[in-house]
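K.L.:
Provided below for reference: sequence and predicted model.
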Amino acid sequence: MYPKILEIGPLTIHTYGLLLAAAFIAGIWIASRNARREGVDPDTIWNMGLVVIFAALVGSKVLLLLSDFGYYSRNPREIFSLSTLRSAGVYYGGLLLALVAAAWYLRSKQLPAWKVADAAAPGIALGQAIGRLGCLSAGCCYGRPTDLPWGITFTDTYAYDNVGVPLNLPLHPTQLYESAGTLCLFFLLSWRFGKRHRPGQILVEYLCLYALLRFVIEFFRGDERGYLFYGLLSTSQFIAVLTLLGAAAAYYFILRAPAPEK
């Protein structure tokens, strides 16, 4: 992999940062395009995107610190180290805080929250698919050792120094697992968005399906990300279970609501 896509003197452009920026832009573009179909001003969605980006970056780092609190409490200087600042963080932290920030923005602008949420759901999935390719390039979110023929081997010492990925050892390409899974989610949710649905249904379907996807992929992850219940579940698996239960309950109430007009 190539953690650094360009290096000119002191200036370094990291592949992860470039793909992360592309992920945000692609996700917001899809959301704005879908929002236009719902009669929402696309410029409003781009403005909301800036708020969501900041919340997502902060939330992912906060959950990273909480999920590995023991290590950071013993090594507080590591909180501001380059490895921590360059880390992708924990996705669920970014997602949850981004949802809160988006809800606040929609309420303050008096926008149709559920319509905008449904419009944004496919874009979130597409952004993940692109963002996980950035994780692959950086070496973070790596998998467990494997003998399967599609295992990938990292050899770049720069990636090891930054994120600790094992070198010269075939690993499960968990970044590609999630990238492929969320790309499928993007196509599925885009198709669903074009069909008749109740307000909020597309977002809740995304939350349910991604929770299932993430729960399974976590079994193949090999990086340190915090565990609960004596190592039974990772932090992300526990959040996935809570998300699935909450989304399933929301789905039940959405289906019980009066059907929208054609």
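P.N.:
Right, received. Where do you want to start? Residues are numbered from 1 along each chain as shown.

K.L.:
tell me which helix or strand comes right after the helix or strand bottoming out on mean pLDDT in the chain.
P.N.:
Ranked by mean pLDDT, DSSP states H and E, the weakest helix or strand in the chain is helix 82-86, scoring a mean of 55. On the C-terminal side of helix 82-86, the closest following helix or strand by DSSP states H and E is helix 91-109.

K.L.:
on contacts alone, who are the packing partners of that following helix?
P.N.:
helix 42-67, helix 113-138, helix 235-256 (3 or more C-beta pairs under 8 Å, 6 or more residues apart in numbering; DSSP states H and E). C-betas here are computed from N, CA, C, even on glycine.

K.L.:
a helix runs through residue 13, doesn't it?
P.N.:
No: under DSSP: H, G, I helix; E, B strand; the rest coil, residue 13 sits outside any helix and is assigned strand.

K.L.:
how close does it sit to residue 20?
P.N.:
Using C-beta to C-beta, to the nearest Å, one obtains 12 Å as the distance from residue 13 to residue 20.

K.L.:
what is the rounded mean pLDDT of stretch 95-112?
P.N.:
Per-residue pLDDT values across stretch 95-112 average out to 88.

K.L.:
which of the helices and strands packed on helix 91-109 is buried the deepest?
P.N.:
helix 113-138 (a mean of 24; mean count of other C-beta atoms under 10 Å).

K.L.:
tell me the angle that helix makes with helix 235-256.
P.N.:
150 degrees (axes from the mean of the first three to the mean of the last three C-alpha atoms, to 10 degrees).

K.L.:
on contacts alone, who are the packing partners of helix 113-138?
P.N.:
Applying 3+ C-beta pairs under 8 Å, 6+ apart, one finds that helix 113-138 makes contact with helix 15-37, helix 42-67, helix 91-109, helix 157-163, helix 174-193, helix 201-217.

K.L.:
for residue 125, find the nearest of those.
P.N.:
Each of those has some distance to residue 125 by C-beta to C-beta; the shortest is helix 174-193, at 4.0 Å.

K.L.:
returning to that earlier point: so between residue 13 and residue 20, which is more surrounded?
P.N.:
residue 20 (22 against 12; other C-beta atoms under 10 Å).

K.L.:
look up how far residue 138 lies from that one.
P.N.:
10 Å.

K.L.:
do the same with residue 158
P.N.:
Using C-beta to C-beta, residue 158 is found at 9 Å from residue 138.

K.L.:
what do the two both touch?
P.N.:
Counting by C-beta atoms under 8 Å, 6 or more residues apart in numbering, the shared contacts of residue 158 and residue 138 are residue 3.

K.L.:
touching stretch 44-53 from outside, list them.
P.N.:
Residues outside stretch 44-53 that contact it (C-beta under 8 Å, 6+ apart): 24, 27-28, 31-32, 35, 98, 101-102, 104-106, 109, 111, 116, 119-120.

K.L.:
just the buried residues from the residues you listed, in ChimeraX please.
P.N.:
Buried subset of the contacts of stretch 44-53, written as a ChimeraX selection, criterion 16 or more other C-beta atoms under 10 Å:
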select :24,27,28,31,32,35,98,101,102,105,106,111,116,119,120
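
K.L.:
who touches residue 100 in this structure?
P.N.:
residue 55.

K.L.:
centroid residue for the chain?
P.N.:
With distances taken as C-alpha atoms, centre = their mean, residue 91 lies nearest the centre of the chain, 4.3 Å away.

K.L.:
isn't that residue right next to residue 124, touching?
P.N.:
No: taking contacts as C-beta atoms under 8 Å, residue 91 lies outside contact range of residue 124: 10.5 Å.

K.L.:
which stretches of the stretch 51-200 of the chain have low pLDDT?
P.N.:
67-89 (pLDDT under 70).

K.L.:
any chance of the helices and strands packed on helix 113-138 in CSV, plus distance to residue 5?
P.N.:
CSV is the format used below for these (distance: least, C-beta to C-beta, whole Å):
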stretch, distance to residue 5
helix 15-37, 4
helix 42-67, 20
helix 91-109, 22
helix 157-163, 12
helix 174-193, 16
helix 201-217, 26
